[in-house]
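> Quick one: sequence plus predicted model below, questions after.
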Amino acid sequence: MGRNAQLIRQWAILKQIETNRWTTILDMAGQHVVSTKTIRRDLAALMEAGFPLYDERYDGKVYWRLNEEYKGLPLASLSLSETAALYFSKKLVVNLAAPPFSNDIASAFKKIESALPERNIQFLDSLDAMISVRADAPKDLDHSKNTIRILMEAIGEEVRVKMQYYSVHSQQKKTYTIDPYRLMYFRGGLYLFARVEEYNQIRTFAVERIESIEKTRDEFEKPPDFSVESYLESAFGVVKEDPFDVEIIFNKDIAEYVRSRVWHPSQVVREIGGGRITMKMHVGGEFELGSWVLSFGPSATVVSPERLRRRVEAELGRALENYRTEVTVAPRKSKKVDSKKAAAAGARRS
C-alpha cells in the first residue's frame, strides 16, 4: 500500500489513543488489521512528527497514551487577530466541509472559540452578522456520503474500484473499473479523477452520478508525478481536452464584470472601444466554455474558433425555438364528488 494508506492509518491510531486511554499495541493491530511490528513503526513515526505519545504499564499490560497537556494547535501562540481570522473563516470552511471531515471541522472551531474570551466572542459575533457566505449552487451530496467514504479509503489504500456511473453525455449507465487518484471540490461539486482501466486514460467523474461502488483487492500505483493542478492546467473547468485559442467579445453591459475576474490563467483582456472588451485564452474544454459563453446571453460573442462559434449559435437557435413554440400546461383534472356520498360523510362527522 502507498504512503497515503500509512498516513490515514497513523491518523486513525492517534485518534484512537486520544479517545481511549486504555489502548494497547495489540488492540491497535487488531483494529487496523496489521502486525504489531507495523503499529510500532506507526507509533515511532507519530512521535517523530511531534505528537507526545508515551507508554504506561498497568496491571501487567502496556497502554499507549497522549500527553493530556497537549493541545495540538498552539492557540496560545496565535494573536487575537489571527484567532479572529480563523473564527471568521469557519463560514467558508463549514460551507465546503464534506465527509469524513465535517464532524472534526465543527469540533475544531468549538476549540478555537473556547480559546477566546467571552467578550471577544460577543464582539466577533456582532461582526459575524455582517458577513455571509453563499455557495455557488452546491450539489446535494448527502446521499453520496458512503460513496465519498469508499473513495477516500480506496485513494488512501491505492486499490481499484468498480462502479456504476450515469453518463450525462450518453444518457446511459456504464460500469467502470478505475484507479481512483484524487477528489476535487469545484464550483459546488465533488469530482473524481481516475484512470479508467478499459481506456487506459484519466477521466473526470461527478461523484453524485456514481450509482454504486465497491472496492476490490487489486492494488494500483499512482504515477508519482501526477497532480490534478498540472493535469488541469489548460482546462477551463474540470474536463481536460487539447487546448485551443479562443477569442470572445463582451459588450459594455457585462465588460466590467468579466474584466474583474480571473477566469483562466491564460486570459488576456483588451479594450476595443465603445466600452467593449475582447478576451483571448488558450484553453481546453469546449462544452464548459460554451456553457459559460451562453450564460452571458446576447452580451458575449465568440469570434474564434469557428467550431465554438457554431456550437454557441446552434444552442442559441434551439433556445429561441423554445420561445417560438407556445407552451401549454394541461389543467389538472378535478375529482368528481358524489353528492350523496359527500352528504353521508358530512352527517357522520356531525
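Perfect, thanks for sending it. Residues are numbered from 1 along each chain as shown.
> C-alpha only now, for contacts and for neighbours.
OK.
> could you give the mean pLDDT of the longest helix along the chain?
Criterion DSSP state H: the longest helix present in the chain is helix 306-324. Mean pLDDT, computed over helix 306-324, is 94.
> Partner strands of the lengthiest strand in the chain, with direction?
Longest strand in the chain by number of residues (criterion: DSSP state E): strand 172-186. Note on strand 172-186: by DSSP bridges, its sheet partners are strand 159-167 (antiparallel), strand 189-196 (antiparallel).
> hmm, who's touching that strand?
When contacts are defined by Cα atoms under 8 Å, 6 or more residues apart in numbering, strand 172-186 is touched by residues 151, 154-155, 158-167, 190-198, 220, 222, 228, 238.
> so what pLDDT did the closest residue to Phe51 other than its chain neighbours get?
In space, and not counting its chain neighbours, Phe51 is closest to Leu66: 7.7 Å by Cα to Cα, 6 or more residues apart in numbering. With respect to pLDDT, Leu66 scores 85.
> ok, Leu66 - contacts?
Counting by Cα under 8 Å, 6+ apart, Leu66 has contacts Ile17, Glu18, Arg21, Phe51, Pro52, Leu53, Tyr54.
> Widest-spaced pair of those?
Farthest-apart pair in the contacts of Leu66 is Arg21 and Phe51; separation 15.2 Å (Cα to Cα).
> So which of the two has more stuff around it?
Set side by side, Arg21 and Phe51 show more neighbours around Phe51, with 16 against 13, by other Cα atoms under 10 Å.
> pretty sure that one belongs to a strand, no?
No. Remark: Phe51 does not belong to a strand; assigned using DSSP: H, G, I helix; E, B strand; the rest coil, it is coil.
> Please renumber the chain so that the first residue is 22 from this point on.
Okay, using 22 as the starting number, the last item reads as Phe72.
> That one and Arg297, how far apart?
Counting by Cα to Cα, to the nearest Å, the gap from Phe72 to Arg297 is 58 Å.
> who's in contact with Thr57?
Ile46, Leu47, Met49, Ala50.
> Turn those into a markdown table, including secondary structure and neighbour count.
Putting these into a markdown table (DSSP: H, G, I helix; E, B strand; the rest coil; neighbours: other Cα atoms under 10 Å) gives the following:
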| residue | secondary structure | neighbour count |
| --- | --- | --- |
| Ile46 | helix | 20 |
| Leu47 | helix | 14 |
| Met49 | helix | 22 |
| Ala50 | helix | 17 |
